[in-house]
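# dropping the sequence and predicted coords here.
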Amino acid sequence: MDHVFIEGLEIDALIGIYDWERRVRQALVFDIEMAFDNRVPAASDDIADTLNYKAVSKRVIEYVRQSDFGLVETLAERVAAIILDEFGVHRLRLKLSKPGAVRGARAVGVVIERERQPLNGA
Ligand SMILES: Nc1nc2c(c(=O)[nH]1)N=C([C@H](O)[C@@H](O)CO)CN2
């Protein structure tokens, strides 16, 4: 299966479980890999046939900037659901990194893989 990806998308957000984290915005980094059949846009050379990575990025930025969760797990899950529901993506892998959250580590965070559930549950 082909993919469309977004790598190193840096977005500031309110995130974290500690009191001080409720008062400052922190940088988060998203790496997102979305399954998509790229043969159709390759044949038409038409942006309308693509999974438009700019449109997905704009939506993720808009959502994450106004978000306010404790856990990176929660934010990762919500962003994955938006991409699956709003962009017709069937499967994705999303890595959410929180750089500098743990001294000595370049980054910490989560990786999730999600699939869109069929409407009839089949
Ligand atoms: N699995 C997780 N562990 C931790 C999280 C988290 O969101 N998921 N968050 C924190 C703190 O907010 C930390 O990032 C502050 O440095 C600790 N562990």
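Good, I have the coordinates. Numbering: from 1, shown residues only.
# could you give the average pLDDT over the biggest helix by length in the chain?
Secondary structure of the chain per DSSP state H: the longest helix is helix 72-86. Here helix 72-86 scores 98 as its mean pLDDT.
# what packs against whichever helix or strand comes after it?
Using DSSP states H and E, the helix or strand that follows helix 72-86 in sequence is strand 91-99. The contact analysis (3 or more C-beta pairs under 8 Å, 6 or more residues apart in numbering; DSSP states H and E) places strand 91-99 against strand 26-35, helix 72-86, strand 107-115. Any C-beta I mention is one placed from the backbone N, CA and C, and that applies to glycine too.
# minimum distance to the ligand: which of these has it?
Across those, the ligand has its closest neighbour in helix 72-86 (4.0 Å, C-beta to the nearest ligand atom).
# list the buried residues of the closest one.
Neighbour-count burial for helix 72-86 flags 72, 75-77, 79-80, 82-84 (criterion: 16 or more other C-beta atoms under 10 Å).
# who in the protein is up against the ligand?
16-18, 21, 71-73, 98, 101 (C-beta under 6 Å from any ligand atom).
# if any of those residues are buried, put those into a ChimeraX selection.
Per 16+ other C-beta under 10 Å, the buried members of these correspond to this ChimeraX selection:
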select :16,72,98,101
